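# Provided below for reference: sequence and predicted model.
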Amino acid sequence: MSYWIHPAAERELTEAAIYYKTHASFGIASAFLDEFERVAALLDWNQQLGMGVSDGLRIYPFRRFPYSIVYREADIGPRIYAVSHQRQNPGYSQSLL
């Protein structure tokens, strides 16, 4: 699997995993990270799966958690710019432009 992740997206991913570990359990945090890897692998397989948002950005939701990956297509695999909570910061992907 090949993808690039922006440092801010990596922080968001880490913060969400820490939140789940602190407020739920280690198992839930691990499941969250597994879901991120599942979605990233799926997008690496077919980068056009996500819904186009604007200016080349695409968004693809997690199945089990209220998060989405915001990314752009690239030859080397998806370029992940955000791991965004679906109910917080509406329009967040617009600020990435």
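Arrived safely, thanks for sending. Numbering: from 1, shown residues only.
# Run through the protein and note the low-pLDDT ranges.
Low-confidence regions of the chain, defined by pLDDT under 70, span residues 89-97.
# For it, just list every one of the strands.
Along the chain, the segments classed as strands by DSSP state E run 4-5, 51-54, 57-61, 67-72, 79-85.
# Can you say which of those is packed in most?
Per residue and on average, the most neighbours among these fall to strand 67-72, with a mean of 23 (mean count of other Cβ atoms under 10 Å). Backbone N, C-alpha and C define where each C-beta goes, glycine included.
# Sheet partners, orientation included, of that one?
strand 57-61 (antiparallel), strand 79-85 (antiparallel) (DSSP bridges).
# before we move on, back to that, could I get the strands of the chain as TSV with distance to T22?
Listed next are the strands of the chain as TSV, based on distance: least, Cβ to Cβ, whole Å:
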stretch	distance to T22
strand 4-5	22
strand 51-54	30
strand 57-61	23
strand 67-72	16
strand 79-85	16
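# Ok, which of the ones you listed comes nearest A24?
With respect to A24, and counting by Cβ to Cβ, the nearest of the strands of the chain is strand 67-72 at 14.1 Å.
# residues in contact with that closest one?
Identification of contacts with strand 67-72 by Cβ atoms under 8 Å, 6 or more residues apart in numbering yields 3, 9, 16, 32, 35-36, 39-40, 43, 47, 50, 53, 56-62, 78-86, 92-93, 96.
# cool, stretch 37-45 as well?
1-3, 49-50, 60, 62-63, 69, 71, 77-78, 80.
# Could you rerun that using 6 Å?
When contacts are defined by Cβ atoms under 6 Å, 6 or more residues apart in numbering, stretch 37-45 is touched by residues 1-3, 60, 62, 69, 77-78.
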